[in-house]
Structure formats: structure tokens, C-alpha cells
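Chemist: My questions are about this predicted structure, shown below with the sequence.
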Amino acid sequence: MPDIQPYLILSATLFVIGAAGVVARRNAIIVFMSIELMLNSVNLSLVAFSAQLGDVTGQILVFFVMTVAAAEAAIGLAIVIALFRRKQTLNLDEINILKW
Amino acid sequence: MTLESVIFSVLAASAVGSALLVVTRRNPVMSALYLIVNFFCLAGLYLTLHAQFIAIIQILVYAGAIMVLFVFVIMLLNLGDERKLSDGVSWKKIVAAGFCAALLMEFVYILIYSEPSPAVMSASMATEIGTVEYIGSQLFTKFLFPFEITSLILTAAIVGAIVLAKRKLD
């Protein structure tokens, strides 16, 4: 069995890149894709731990994360379409009704 | 270097590279395409961890279904004012990048200096665990209730997506 430490470091790197995308980008769709990146990096950690511990629970959790990600993508993109129809922009600085 | 570590290095480098390209490209279409590359790299990494089922699902669900939805919406919206949207480098972005770098340092420090627990299973056992047969049997016995709950989530998502994207509620 391969050592899982490199996998965990890779997972942390991908997670941080995704987080940087979320906080630095202003395009709603790219922020959304960065969130997908973060979800995927956590999946990689779960599969690595599952492989090390010999327990299938991690892989089943990844399966559920993917289900939730699919639901989230459908809802999120519907919100993006509704927002664009209303404000004609995807710039998150201009979508600020709920910000103080 | 063994073959396994060479494969891991190549996949890891392309995963990090494509992830960086996802968050730095101006055009959302390019971001989406690099995200697909990233998903394929991750599927390869799952294969190196003997998780065949998850690797296939990764390609089918993520690269197949979710990214098609993304590309579809990007094309549908047809963003004309993309130049205006992608602002240049501001102090906010530099601070954000600094915080992210600090977070990464923290993660790497913890992971490198923590005591690694020994692997408790052999490679043949790992191959057995990742199969469709084993995951399916566990999913329909031990994890039956969460599995049924996901159907509820998907139904709620379908209804929610239709309600949100509808032009006007009658």
C-alpha cells in the first residue's frame, strides 16, 4: 500500500488553491468551480484514509459527497441563472443585497 | 523511484497545475475545461489508491454530468463584459493570497511532522474493498438509510432548480 502522506499534502494544496479562488475571484461561476475544487480535494483525503485504514466507509462517504455536489451544482447554477436574469451581471461585488 | 511514485508525481503535478489554471483564467470556459483535466487527474489518483468504483464515478458524475451543466450555463449566459468583470491585482487579493499561503504552510507542517500511523492492510485487500461489488453490498445493507436520504436530497434539488430557474411562478 502506498504511503498516504503525499496524498494528504496534495489534498491540502488543492483545498488551499480552491479557497484562494473563492476569496480572490469575483466571477460567480469561477467561485462556484473553486468550491467544486475544494470538495474534490476533501474526497481525495477520504479515499486516502479509506485505503490506509482498510475501511470502506471513506469511499461511501465520497459517494454521498458526490451526490450532494451534483444537487448543489444544479441548485447553484439555477441561482446563477436567476441572478443573471435579474441583475445582468455575475460580479459578486454588485450582488450585495444581503451584505451590510 | 518506483513506478507508483512516478505515476503519483505526474498526476499530482498536473492536478495542481490545472487547479491553479482554474482559479487564474479570465475566461470561465477555460476554467471549466481545466477543471475537467483536474477531475481526470483525481480519478487517476483514486486508481492508484485502489478505489476503482470511485474513480469511475468521478469521471461519470463530475467530468460527465456536473461539468456539462457548468459549460451549458456558461454558454447560456454568454457573458459579454468579461473584461470589466476580471479586475486586476488589488490589495485585497494580495492579502487573500497571503492568508491562503499561511494556511497551506500550516497544513503541510502538520502533515509532515505528525506521526504517521502504519498501514493496516495489504494491497490485495485494498483492491477488494474498492470494487463495485463490495461497495454496493455495504451501501445496501449498512448504509441503506443514508442512501435513501440521498434520493430525498436529489428530489429536493430537482424541485428547487426548477422553481429557481422558472421565469415567473404562476
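Modeler: Here it is on my side, so go on. Residues are numbered from 1 along each chain as shown, chains lettered A, B, ... in the order given.
Chemist: moving C-terminal of the lowest-mean-pLDDT helix or strand in chain B, what's the next helix or strand?
Modeler: Using mean pLDDT, DSSP states H and E, helix B:82-85 stands out as the lowest-scoring helix or strand of chain B, at a mean of 56. Using DSSP states H and E, the next helix or strand after helix B:82-85 towards the C-terminus is helix B:91-113.
Chemist: Find the centremost residue of chain B, please.
Modeler: Nearest to the mean C-alpha position of chain B, by CA atoms, centre = their mean, lies residue B:39 at 5.9 Å.
Chemist: Quick check: it touching residue B:64?
Modeler: No. At 9.4 Å, residue B:39 does not count as touching residue B:64 under the criterion of CB atoms under 8 Å. C-beta coordinates here come from the backbone N, C-alpha and C atoms, glycine included.
Chemist: Tell me which residues of the longest helix along chain A come out buried.
Modeler: Using DSSP state H, we find that the single longest helix of chain A is helix A:57-87. Of all the residues in helix A:57-87, those buried under the rule 16 or more other CB atoms under 10 Å in any protein chain shown are A:58-67, A:69-81, A:83-84.
Chemist: Tell me how far it lies from the chain's centre.
Modeler: The chain centre lies 9 Å from the centre of helix A:57-87; the measure is CA atoms, centre = their mean, to the nearest Å.
Chemist: ok, is that helix in contact with chain B or not?
Modeler: Yes. Counting by CB under 8 Å from any CB of the partner chain, contacts between helix A:57-87 and chain B involve A:59-60, A:62-64, A:66-75, A:77-82, A:84-85.
Chemist: do the same with stretch A:16-23
Modeler: Yes. Using CB under 8 Å from any CB, stretch A:16-23 reaches chain B at A:16-21, A:23.
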